[in-house]
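[1] One predicted model, sequence on top.
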Amino acid sequence: MTALLRSLVVAVALLAAAPALAAKKGLPSGERMDLNRATVAELMRLPGLGEKKAQAIVAFRQKQPFRRPEDVMKVKGLGPAWFQKVKGNLVVGGGAPVASAASAARK
């Protein structure tokens, strides 16, 4: 019975972690991400960027939109070494995020 319970706990833990693991698909080389429009889940696809730092990027841009990709280094915890890894995937577009097709369809 104990082995069954242990297996059940492990299965539940894996199922709970599945959405976070699925969201961590890496970006193919050459794919660009707009720092002013990307969602937290999209930002998490960048190497070395977890949920907390992705949320920090979104919070930062709500106060002050990014003008150039290098501005992302103003976010606490994101420095030059990380930026060098991802700069080829970053672009900066307009200031306010545009509603996605999915959210527009729900309205």
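    Cool, got the structure. Numbers count the residues shown, from 1 in each chain.

[2] would you list every one of the strands in the chain?
    Applying DSSP state E to the chain gives strands spanning 33-34, 90-91.

[3] Deepest-packed of those, please.
    A comparison of those by mean neighbour count, using mean count of other Cβ atoms under 10 Å, puts strand 90-91 on top with a mean of 18. For glycine as for every other residue, the C-beta is placed from the backbone atoms N, C-alpha and C.

[4] Neighbouring strands - and their directions - for that strand?
    Partners of strand 90-91 in the sheet, by DSSP bridges, are strand 33-34 (parallel).

[5] For the strand it pairs with, which outside residues touch it?
    27, 42-43, 45-46, 89-93 (Cβ atoms under 8 Å, 6 or more residues apart in numbering).

[6] closest to Gly50 out of the strands of the chain?
    Nearest to Gly50, of all these, is strand 33-34, at 15.6 Å by Cβ to Cβ.

[7] avg pLDDT for the closest one?
    What strand 33-34 shows for mean pLDDT is 95.

[8] Check stretch 78-98 too.
    For stretch 78-98, mean pLDDT is 83.

[9] now that we have the contacts of strand 33-34, which one has the most neighbours?
    Counting neighbours by other Cβ atoms under 10 Å, the top entry in the contacts of strand 33-34 is Leu46, with 24 neighbours.

[10] Let me see the contact set for that residue.
    Leu46 touches 27, 33, 54, 86, 89, counting by Cβ under 8 Å, 6+ apart.

[11] what does Gly79 give?
    Contacts of Gly79 (Cβ under 8 Å, 6+ apart): Met73.

[12] Against Val72, how distant is it?
    For Gly79, the distance to Val72 equals 10 Å [Cβ to Cβ, to the nearest Å].

[13] could you pull out the helices for this protein?
    Taking DSSP state H, the helices of the chain run over residues 2-23, 40-43, 51-63, 80-86, 101-106.

[14] Grab the nearest non-local neighbour of Lys76.
    Ala56 (6.5 Å; Cβ to Cβ, 6 or more residues apart in numbering).

[15] so who does that neighbour touch?
    Residues in contact with Ala56 (Cβ under 8 Å, 6+ apart) are 75-78.
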